[in-house]
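K.L.:
Okay, here's the prediction I keep looking at, along with the sequence it came from:
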Amino acid sequence: MSVGTAAPVLHNQPYYDERVDLACAFRWTARFDMHEHVANHFSLAVSEDGSQFLINPCGRHFSRVRASELILCDANDAATMERPDAPDPTAWGLHGSVHRHCPQARCVLHVHSKYATVLASLDDSTIPPIDQNTARFYKRTVIDDGYGGLALGDEGKRCAELLGDKNVMIMGNHGVMVVGDSVAAAFDDLYFIERACRTLITAYMTGRPLRVLSDEIAEKTAREWESYPGNMAEQHFKELKAILDAEEPDYRQ
């Protein structure tokens, strides 16, 4: 389909709006170069109890994901991996476990983005508050320092249990996982955690001492992020969809 050509919409498809939002997140993650290969996975719960969720099909590049291609899975269906359209085994292992054990995690985004993965590879994976973006996550992340291999079997369950009530997990020796109550909210945290990690890693590379904010100011700044007037996450995501509507409208198909 040529750029700018209107894509046919499938409004009668179950969870159409949710599919469009998730497809948008895939496309922009590729545009922001936060994806890896045909690996990494995003999921979105669509049932009230969080057990039924949409996830990307196995082997599809983020830049080509379309709304209609997203797979509907049930976290409690033991036969999921026997389906002809079964998701990637690690996607099922990690996302299935999170949706099974963490019903508050409606949207789950997992990537091996460059700077978050570098941070996850350091002996100290904490994020000192050295600017507004790093302060956003002050005492609001969980660090997994028990990497046990690919997210198969008990590894996914271990990660889900460790996540607890946090929205961001720095997955030691692995990458990052972000959860939220909507695609827009989760994507906003994914965007800003990668920005925060980029600033931090770049600062480390200078070899100069860091100018770290006081605990009081860091906490104040984090709370200001949380109570900022309006909804910047939704506003940003609305703009991202508008850009795709003009340039890659097939994401809605």
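P.N.:
Right, received. Where do you want to start?
K.L.:
Mind listing residues that contact stretch 196-206?
P.N.:
Under the contact criterion C-beta atoms under 8 Å, 6 or more residues apart in numbering, stretch 196-206 has outside partners 113-116, 118-119, 127-128, 130-131, 133-134, 136-137, 176, 210. No exception for glycine: its C-beta is placed from N, CA and C like everyone else's.
K.L.:
got it, and stretch 137-156?
P.N.:
Contacts of stretch 137-156 (C-beta under 8 Å, 6+ apart): 89-90, 92-98, 125-127, 129, 158-159, 162-164, 166-174, 192-193, 196, 218-219, 221-222.
K.L.:
for the chain, what spans make up the strands?
P.N.:
41-45, 52-55, 71-74, 107-111, 141-144, 168-171, 175-180 (DSSP state E).
K.L.:
Now render those as CSV, adding mean pLDDT.
P.N.:
Listed next are the strands of the chain as CSV, based on pLDDT from 0 to 100:
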stretch, mean pLDDT
strand 41-45, 97
strand 52-55, 96
strand 71-74, 94
strand 107-111, 97
strand 141-144, 96
strand 168-171, 96
strand 175-180, 96
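K.L.:
Is it possible to get those out as JSON lines so that each row also shows distance to residue 150 and mean neighbour count?
P.N.:
Below are these laid out as JSON lines (distance: least, C-beta to C-beta, whole Å; neighbours: other C-beta atoms under 10 Å):
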{"stretch": "strand 41-45", "distance to residue 150": "13", "mean neighbour count": "26"}
{"stretch": "strand 52-55", "distance to residue 150": "17", "mean neighbour count": "23"}
{"stretch": "strand 71-74", "distance to residue 150": "19", "mean neighbour count": "18"}
{"stretch": "strand 107-111", "distance to residue 150": "12", "mean neighbour count": "26"}
{"stretch": "strand 141-144", "distance to residue 150": "14", "mean neighbour count": "18"}
{"stretch": "strand 168-171", "distance to residue 150": "12", "mean neighbour count": "24"}
{"stretch": "strand 175-180", "distance to residue 150": "12", "mean neighbour count": "26"}
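K.L.:
quick one: residue 99 and residue 92, what's the gap?
P.N.:
10 Å (C-beta to C-beta, to the nearest Å).
K.L.:
Which one of these two is surrounded by more residues?
P.N.:
residue 99 (28 against 22; other C-beta atoms under 10 Å).
K.L.:
least trustworthy helix or strand in this structure by mean pLDDT?
P.N.:
helix 154-163 (a mean of 88; mean pLDDT, DSSP states H and E).
K.L.:
In it, which residues are buried?
P.N.:
By neighbour count with 16 or more other C-beta atoms under 10 Å, helix 154-163 contains the buried residues 155, 156, 157, 158, 159, 160, 162, 163.
K.L.:
cool, stretch 83-91 as well?
P.N.:
Using 16+ other C-beta under 10 Å as the test for burial, stretch 83-91 gives 86, 87, 88, 90, 91.
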